[in-house]
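S.K.: Quick check, what structure comes out for this input:
(one chain, ligands or ions: 2)
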Amino acid sequence: MKRVSFDFQTVMSGLAVLGMILAIVGTWPPVEGFAALRWPGLALVYLAGGLPTAWSALSALWREHILDIDLLMVVAAVAAAAVGAPFEGAVLLTLFSVSTTLEHQALGRARRAVEALMALRPETAFRKGEDGTVTEVPTVELAVGDVVVLRPGARVPTDGLILHGRGGIDEANITGESMPVSKEPGQQVFEATVNLEGVLDVTVTKTVGDSTIARMIQLVTEAQEAKAPSERFSAWFGQRYTVGVLLGAGLAFVVIYWLGRDWEQALYRAATLLVAASPCAIVISVPAAILSALSAAARGGVLFKGGGALETLAAVDTFAFDKTGTLTNGRAAVTRVIALDGEERRFLSLLSGLEAHSEHHIAAAIRREALVHGIEPAEVVDVTSHPSAGIVGHDASGLIWAGNVHIVAEMGASVDHAAFQELADSAQTVIYLGRGSTVLGAVSVADEARASSASALAALRAGGVSRIVMMTGDRKPVALRIGAELGLAPDEIHAEMLPQDKVRKVGELARDGKVAFVGDGVNDAAALARADVGIAMGAAGSDVALQAADVALLSEDMTKLADAHRLARRTAGIIRQNLVFAIGAMLVLVIGGLFFDLPLPLAVIGHEGGTVLVVLNGLRLLSDRIRTDDEKTRPHRQPDLPDPASSRLRSRVTSPTAS
Ligand SMILES: Nc1ncnc2c1ncn2[C@@H]1O[C@H](COP(=O)(O)OP(=O)(O)OP(=O)(O)O)[C@@H](O)[C@H]1O
Ligand SMILES: [Zn+2]
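M.R.: Ligands and ions are numbered 1, 2, ... in the order given. The predicted model follows:
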């Protein structure tokens, strides 16, 4: 439907240009003998350049009671023809038609930038059967649980988990990062990313319809429909203003006539004013910038759910961060295991059986610990999770629980035991496991700050963010250690917070300015919704968080967040430039039309030229460096490589069992 009208527009402006050439040849004195071409040429311009616009403007007026700005152009052209200046009117219609085509093309380019993602999907995949045979099937036929084989150089057909094999994956398509990420069994791979060197078996976790790319396309499509406040304003303004211009031009006609010019001259002046005062440039200046910025951001792995989120982000001066999985990489590792009865393996079996039911980063760390020691998780049923406290379930002998001191207190247990003292004094997360009111033991879990977090916070501060705070459900000592690594002051660190505490704190911060909250977990959803801009860690975060957020970061690289903030500010700046320029140009033309006998063709050139210029200015955002990962422009960037610290943590694992 869009496509058809776009082609129609191009053909019509082509015909208008042809008509204009005929009219020029027929009018221009040096080319004699072609005078017969003048009238058919002018007629063609009026028909091809004016009729479609008049038709759609009149039907909008009739059906939706909306006065289309384009109608002003047609009225001016007709008025020009009526006073014996059909040639000027034709110039107006031709330029108008050509510039409308250019605008369509330019905005279409911004839209298509995202649609190009679709083209990255591989058409077919190699599915491995039960018996190990491999068949090529269309990607759309893949079901959750299927195993596909990826050869080196192949694109990942849909989201999945690596079952066997390891190697580097180029994720630039969806995260904008040029640095390959090395992956091993158990890690996620995303649709359309490229497997570089390994042979991988991948278990499908999402069908093509639900995959990362499908989600991106959906988000961007929604974004294009959710209009930004300034966009709504210019539409509103355009309406009121168009009526105003029509009335103003009518008034000008009356006044100029009354001042003693003949009616033809007065009408010509009025038509010039109509063109000069048309707000086309003002109305297009905002969507041109926003659409381009949204597309650039999407290609850099930052998805805005609407132009409004982009505009609000530009005004944000306070950033609140969740800790686990947001500022830290969420790849926590178990550092110590204390079983009070000395039976470590049975203890880990019970704990991992309980944590098998949790999505929390801590739970994943505990499961991994059990796995590398070849410990079978115990059977635990009837599990409920207590957000920010722990998890409760039942095994064959009754109620068991795991979590922090909150859940210990809730169960009427006590951790006043010499064996736990060392853990409590450490700067690590401590999880107690208990049965009824008895504590069975504890594990400590340590998580590291993302390599990109410190530089991202520094970049945000450099970009004018005045307050940065960290909020976590974790213990104070852990929060202080991570916070110190990231250069946060103690009063910027808030620990032991329940989900509702985070919401309250965001509300408090919002009293002195716009607040962005960045989080990933189920426990962050309410704070994400409360903040002026909620930003979720997209690919790695929970679906609940993604749902509640206004912006999703698909990249693991935190500096993309600072880039997104910079892009938002740059967009706001370009919108301001566009509005100042458009209003300025309009004032010059109107003054020229009123007091300096500005000829109609000049008014037309000024008007259409200005409109095309603001569109091109907005289009500059399309190539913003957020979508590239140019090392030269990012001196501080550090990739999130598996850091030595986390392998140090794992070094106490003595007998990793090979699969
Ligand atoms: N599944 C679980 N198993 C054990 N303990 C848990 C579990 N979920 C939460 N907890 C306990 O509750 C604490 C707070 O959890 P919460 O999810 O609110 O914060 P977090 O995700 O650890 O940190 P952040 O708020 O920075 O993301 C954890 O540090 C842990 O002690
Ligand atoms: Zn216009």
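S.K.: in stretch 162-171, what's buried?
M.R.: Across stretch 162-171, burial judged by 16 or more other CB atoms under 10 Å covers 162, 165, 167, 168, 169, 170, 171. For glycine as for every other residue, the C-beta is placed from the backbone atoms N, C-alpha and C.
S.K.: Kindly report the same for stretch 145-163.
M.R.: Neighbour-count burial for stretch 145-163 [16+ other CB under 10 Å]: 146-150, 154-160, 162.
S.K.: The buried residues of stretch 162-171 in strands, which ones?
M.R.: Counted as lying in strands by DSSP state E, out of the buried residues of stretch 162-171, are 162, 167, 168, 169, 170.
S.K.: tell me which of those residues is nearest to ligand 2?
M.R.: Minimum distance to ligand 2 across these is 44.7 Å, recorded for residue 170 (CB to the ion).
S.K.: on that earlier part again, in terms of distance to ligand 1, which of the buried residues of stretch 145-163 ranks first?
M.R.: residue 159 (23.3 Å; CB to the nearest ligand atom).
S.K.: Please report how far the nearest residue to that closest one once chain neighbours are set aside lies from ligand 1.
M.R.: Of all residues not flanking residue 159 in the chain, residue 206 sits nearest, at 4.1 Å (CB to CB, 6 or more residues apart in numbering). From residue 206 over to ligand 1 the distance is 24 Å, taken as CB to the nearest ligand atom, to the nearest Å.
S.K.: How many neighbouring residues does the nearest residue to residue 329 once chain neighbours are set aside have?
M.R.: Distances taken as CB to CB, 6+ apart put residue 450 closest to residue 329, at 4.8 Å, once the chain neighbours are dropped. By the criterion of other CB atoms under 10 Å, residue 450 has 24 neighbours.
S.K.: In this structure, what residue comes closest to ligand 2?
M.R.: residue 280 (3.0 Å).
S.K.: Go ahead and confirm that residue touches residue 612.
M.R.: No: here residue 280 does not reach residue 612: they are 9.8 Å apart, not a contact under CB atoms under 8 Å.
S.K.: So those two - more neighbours on which side?
M.R.: Using other CB under 10 Å as the criterion, residue 280 and residue 612 rank with residue 280 on top: 25 against 20.
S.K.: Now do the same for that one: its pLDDT.
M.R.: For residue 280, the pLDDT comes out at 75.
S.K.: For it, give me its contacts.
M.R.: 69, 70, 607, 608, 611 (CB atoms under 8 Å, 6 or more residues apart in numbering).
S.K.: Mark which of those residues are part of helices, please.
M.R.: Per DSSP state H, helices hold the following members of these: 70, 607, 608, 611.
S.K.: Among those, which one sits closest to ligand 1?
M.R.: residue 611 (48.2 Å).
S.K.: Residue 399: what secondary structure?
M.R.: Classification of residue 399 using DSSP: H, G, I helix; E, B strand; the rest coil returns strand.
S.K.: Just give the nearest non-adjacent residue to it, would you?
M.R.: Per CB to CB, 6+ apart, closest to residue 399 is residue 436, 6.0 Å.
S.K.: burial of the one you found, as a residue count?
M.R.: With other CB under 10 Å as criterion, residue 436 counts 13.
S.K.: and if you look at residue 136?
M.R.: 9.
S.K.: Make residue 1 into 43 and carry on from there
M.R.: Happy to do that; since the first residue is 43 now, the last one works out to residue 178.
S.K.: which neighbours does the helix or strand where it lies have in its sheet, and in what orientation?
M.R.: Using DSSP states H and E, residue 178 sits in strand 176-180. Strand 176-180 pairs in its sheet with strand 166-170 (antiparallel), by DSSP bridges.
S.K.: how about the strand it pairs with: buried residues?
M.R.: Those buried within strand 166-170 under the rule 16+ other CB under 10 Å are 167, 169, 170.
S.K.: how far out from the middle of the chain is the biggest strand by length in the chain?
M.R.: Longest strand in the chain, counting residues (DSSP E): strand 480-488. Taking CA atoms, centre = their mean, to the nearest Å, one finds the center of strand 480-488 at 40 Å from the center of the full chain.
S.K.: Roughly how far does the nearest residue to residue 181 once chain neighbours are set aside sit from residue 126?
M.R.: In this structure, residue 181 finds its nearest non-sequential neighbour in residue 199, 4.5 Å apart by CB to CB, 6+ apart. As judged by CB to CB, to the nearest Å, residue 199 and residue 126 stand 67 Å apart.
S.K.: likewise residue 491?
M.R.: Residue 491 is 76 Å from residue 126, by CB to CB.
S.K.: Of these two, which one has the most company?
M.R.: Neighbour totals were compared for residue 491 and residue 126, and residue 491 leads with 21 against 11 (other CB under 10 Å).
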